[in-house]
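*Asks:* let me see the structure of the following:
(one chain, ligands or ions: 1)
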Amino acid sequence: AEYHRLWPEIERVTKEQIKYAQMGLGNDAWHLFAEEGEMKMYRREEEVNGLVVDPLKACHVVKGVTAHEMCHYFFSPQYRYDWETTLEHMTVVENISDDTLIFLQLHKRIWPATQRDALFWSHIRQVPPNEPGVRDIWIVVNNSTELPKHPPDNKKCIRLFLTVCLLCQTIVSSPKEGASITRDNLTCKITYCSVVNPGGWAPASVLRAVYKREYPKFLKRFTAYVIDQCKNKPIMF
Ligand SMILES: CCCc1ccc(-c2ccc(S(=O)(=O)CCO)cc2)cc1[C@H]1C[C@H]1c1ccccn1
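*Replies:* Modelled structure (predicted):
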């Protein structure tokens, strides 16, 4: 896929997202808006031409799964309806390669906002570990793109623009002397980042209320789904 017209952009955005996810909260003014167990969700209030584009950063730690498993279930289209409750319709409009797809997603209308759709490339890759104690790192990046064959249909819904990454790190605690690694030895550290431009105008208060409610629900549901899918399966590193 290295020769695909989107490849330079995929490389650039993926490298940016790896840096952005690994910098943690940096010294930006993040506001913790949701906290449940190990999951902490932060946002910054930002508007571009009067549109809410609040960057979001979520940090979570889950036991019993690997970074590869978490990213595999986030990337693969066949599981999406199982965990993405706000989807009305989803299709893969282009198979660029086995690690890069283009999705067209119609999201359910979230009253009182207008219905949105999203057209984005999605790329999964393993990244070299950057600190001791981390066995491996995987990332999925979703980034909006335009295709002449799938122009926005402004009569039907508004096309939103997103850049999302799910960066996961696998930490393995040493099993008992001579025992093999089991899921009890696995910890997955998750950083989920998203910047969504809603496309058309929506009241800031409405969008912020939707995000405040939907993002914690989404990450909780998604991680619980992966733990449940993996628990009786051999570990996929
Ligand atoms: C007014 C527009 C609101 C709005 C913006 C953005 C998204 C959204 C799209 C994609 C992704 S993802 O992480 O790439 C996973 C693949 O689907 C996450 C969020 C969804 C909504 C709608 C449905 C609401 C929502 C918001 C947040 C999380 C989940 N759903």
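
*Asks:* export stretch 68-77 as PDB, just CAs?
*Replies:* The C-alpha trace of stretch 68-77 is given here as PDB (Å, rounded to 0.1, in the frame of the first residue of the first chain):
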ATOM      1  CA  HIS A  68      -2.900  -6.000  19.600                       C
ATOM      2  CA  GLU A  69      -6.300  -7.500  20.700                       C
ATOM      3  CA  MET A  70      -7.700  -4.100  21.700                       C
ATOM      4  CA  CYS A  71      -6.600  -2.500  18.400                       C
ATOM      5  CA  HIS A  72      -7.700  -5.500  16.300                       C
ATOM      6  CA  TYR A  73     -11.300  -5.200  17.600                       C
ATOM      7  CA  PHE A  74     -11.300  -1.400  17.200                       C
ATOM      8  CA  PHE A  75     -10.000  -1.600  13.600                       C
ATOM      9  CA  SER A  76     -11.900  -4.600  12.200                       C
ATOM     10  CA  PRO A  77     -15.200  -3.800  10.500                       C
END
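
*Asks:* and Val140, how far is that from Phe75?
*Replies:* From Val140 across to Phe75, the span is 5 Å (C-beta to C-beta, to the nearest Å). Every residue, glycine included, has its C-beta placed from N, CA and C.

*Asks:* overlap in contacts, those two.
*Replies:* Residues touching both Val140 and Phe75 by C-beta atoms under 8 Å, 6 or more residues apart in numbering: 122, 124.

*Asks:* which residue ranges form the strands in this protein?
*Replies:* Taking DSSP state E, the strands of the chain run over residues 31-36, 39-43, 47-48, 51-52, 56-63, 87-97, 100-107, 116-127, 136-144, 158-159, 161-172, 186-197.

*Asks:* what residues does this protein have near the ligand?
*Replies:* Counting by C-beta under 6 Å from any ligand atom, the residues of the chain close to the ligand are 84, 86, 105, 107, 110, 113, 116, 118, 142, 160, 162, 164, 194, 196, 198, 202, 207, 210-211, 214-215, 218.

*Asks:* give me the buried subset of those.
*Replies:* Among those, those buried by neighbour count (16 or more other C-beta atoms under 10 Å) are 84, 105, 107, 110, 113, 116, 118, 142, 160, 162, 164, 194, 196, 198, 202, 207, 210-211, 215, 218.

*Asks:* buried residues in the longest helix along the chain?
*Replies:* Ranked by residue count, the top helix of the chain under DSSP state H comes out as helix 204-230. Applying a neighbour-count criterion of 16+ other C-beta under 10 Å, one finds 207-208, 210-211, 215-216, 218-219, 222-223, 225-227, 229-230 buried in helix 204-230.

*Asks:* can you check stretch 93-109 too?
*Replies:* Judged by neighbour count using 16+ other C-beta under 10 Å, the buried positions of stretch 93-109 are 94, 96, 100-107.

*Asks:* shaky segments in this protein?
*Replies:* For the chain, residues meeting the criterion pLDDT under 70 lie at 1-2.

*Asks:* hmm, 80 instead?
*Replies:* 1-2, 201 (pLDDT under 80).
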